[in-house]
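A.B. asks: using only what follows, build the 3D model:
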Amino acid sequence: MASRENFQAGILQPVNPQKPLPLFFAFPDGVLNYVCAECSALCCRGQGLGGSLNREMGFVLKQYPELAAMASLRQRDLVDVHTPGGCCYFLRSDNLCQIEIEHGRSRKPGVCLIFPFNRFHLLAGTVVISPHFMCPLRVEVPARPGDVTGTHAMIEATITESAMLDAKYADWYVRPVKLPRKQNEKQMLEQEIAFRNDCAAALASDPFLDFLDQHSGSPKELGRSVRRASQLMAWGASPKTSQRDDIDDVLLTLASSLRLELLDLAPEQILTALALAERLVRRVFQISVVPAKPQAVWSVINQSLPLLRLLSYGDQQVAMKPKKKTAPFGHPDLVFAAFLAMRDIPSIGVAKGLEKGFRRLSSPSDRAVLAHFIAEQVR
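C.D. replies: I've put the predicted structure just below:
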């Protein structure tokens, strides 16, 4: 697996360390879009700024010397600067950037230029790019490469302009993907590229669950695993609908990025976690009074990823590494249920261990709380 030490030793750097590393976009081309005028500048409110002293930050610090007092990190010629919560120093009342207004777009800090496509992972010497959902991105179907901000070529040009993913900086900005031991990284990258392309082809045509079935070696077992976990969590019956909807397209758009957090699981477990994510999203958004937008769907799934990972293990035994000797619930039934589950999961498997703990709990919310707690204790 790649590591910062590998980068620092030069193992993963190309011959020309000034050349940007190859890129892979973990979302379909021309589908994601954002319009800054629709947002209240969420990315400019306390998130910090930064970039290259040799490109734009040297100029910015010279023009605004007071900014130097808030410099926080430096790696080679890259520097990060803290900004106030609520409003960047340069955010105007009309939500425009004062640096861009006074000096042009090319003088904006690199992190501001590339946002929201600035979540970076490393796989097989390639930077895998996924969106940051602080930005209220929207899904445009059918895809319109060249016409929307989520066009791969446009994003790549901006990243190249920022120079922030040159190989010499990658150890600072790029987080290696967690993979199973002895896994061939090149094959994994090829697999993820193919999955992303399949997601793109399925937009506006395939229901998300049908799409997952097509990628499963055992669709019946996948369905059984999802039903069992859903019953365990008291998520109710699956919605009775055969018609695809906007949620299907949102999930197809997000699936490739979501997989980055699951690649250390077995292939069928990844599909199970994604299918459970679909089940969870459809359940919780039944109470929403507005359509489920990508930002909201991503948030629900991201907050529940440890739980979805846990449920994907099914009958598999997993090691526990409790961070606390007793569960801090302040309720005897929950504390004892946690004790039972953590004691038995390593010997009888996740599903059976949870079932044993859940016998003492009648409330679905208590089951959810307990399962989230257990998920954080898995080694």
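
A.B. asks: contacts for the helix or strand containing Glu102, please.
C.D. replies: Using DSSP states H and E, Glu102 maps to helix 98-103. Residues outside helix 98-103 that contact it (CB atoms under 8 Å, 6 or more residues apart in numbering): Phe59, Val60, Gln63, Phe90, Leu91, Arg92, Arg107, Lys108, Pro109. In short, each C-beta sits where N, CA and C put it, glycine included.

A.B. asks: that helix - what's its average pLDDT?
C.D. replies: Here helix 98-103 scores 95 as its mean pLDDT.

A.B. asks: skipping adjacent residues, who's closest to Ala41 in space?
C.D. replies: Spatial nearest neighbour of Ala41, excluding adjacent residues (CB to CB, 6 or more residues apart in numbering): Asn95 at 4.4 Å.

A.B. asks: how far out from the middle of the chain is stretch 51-64?
C.D. replies: 30 Å (CA atoms, centre = their mean, to the nearest Å).

A.B. asks: and for that stretch, what are the contacting residues?
C.D. replies: 50, 67-68, 77-79, 81, 89, 99, 103, 106-113, 162-164.

A.B. asks: please apply the same query to stretch 140-159.
C.D. replies: With CB under 8 Å, 6+ apart as the criterion, stretch 140-159 contacts 20, 23, 25, 27-34, 113-114, 117, 129, 131, 137, 165, 200, 203-204, 249.

A.B. asks: and it, what's buried?
C.D. replies: For stretch 140-159, a neighbour-count test (16 or more other CB atoms under 10 Å) marks 140-141, 143, 148-152, 154-156, 158-159 as buried.

A.B. asks: okay, Ala375: pLDDT?
C.D. replies: On the pLDDT scale, Ala375 gets 94.

A.B. asks: can you tell me how far it sits from Leu354?
C.D. replies: 10 Å (CB to CB, to the nearest Å).

A.B. asks: compare those two and say which is more crowded by neighbours.
C.D. replies: Neighbour count, other CB atoms under 10 Å: between Ala375 and Leu354, Leu354 has more, with 25 against 17.

A.B. asks: my guess is the more buried one meets Ile345, correct?
C.D. replies: Yes. The criterion here is CB atoms under 8 Å, and Leu354 meets it with Ile345 at 7.4 Å.

A.B. asks: intersection of neighbour lists for the two?
C.D. replies: Joint contacts of Leu354 and Ile345 (CB under 8 Å, 6+ apart) are Ile374.

A.B. asks: can you tell me the SS state at the closest residue to Ile247 other than its chain neighbours?
C.D. replies: Distances taken as CB to CB, 6+ apart put Ala292 closest to Ile247, at 5.5 Å, once the chain neighbours are dropped. Secondary structure, DSSP: H, G, I helix; E, B strand; the rest coil: Ala292 is coil.

A.B. asks: what about Ala292, neighbour count?
C.D. replies: 19.

A.B. asks: phi and psi next, for it.
C.D. replies: Dihedral angles of Ala292 (phi, psi; degrees, to the nearest 10) stand at phi -80, psi 110.

A.B. asks: ditto for Gln317
C.D. replies: phi -80, psi 140.

A.B. asks: measure it to Ser347 for me?
C.D. replies: Counting by CB to CB - Gln317 and Ser347 are separated by 6 Å.

A.B. asks: then Tyr34?
C.D. replies: In terms of CB to CB, Tyr34 sits 49 Å off from Ser347.

A.B. asks: show me the domain layout of this protein.
C.D. replies: 4-176, 185-312, 332-377 (automatic domain parsing).

A.B. asks: in TSV, list the ones you listed along with distance to Thr326.
C.D. replies: As requested, the domains of the chain are exported to TSV (distance: least, CB to CB, whole Å):
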stretch	distance to Thr326
domain 4-176	33
domain 185-312	20
domain 332-377	6
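
A.B. asks: re the thing from before, next step: the contacts of stretch 140-159 restricted to strands.
C.D. replies: Within the contacts of stretch 140-159, residues falling in strands by DSSP state E are Leu23, Phe25, Leu32, Asn33, Ile129.

A.B. asks: state the distance from the third one to Gln377.
C.D. replies: Counting by CB to CB, the separation of Leu32 from Gln377 is 35 Å.

A.B. asks: which one of those two is surrounded by more residues?
C.D. replies: Leu32 (25 against 20).

A.B. asks: give the residue spans of the stretch 101-250 of the chain that score low on pLDDT.
C.D. replies: Along the stretch 101-250 of the chain, segments meeting pLDDT under 70 span 239-242.
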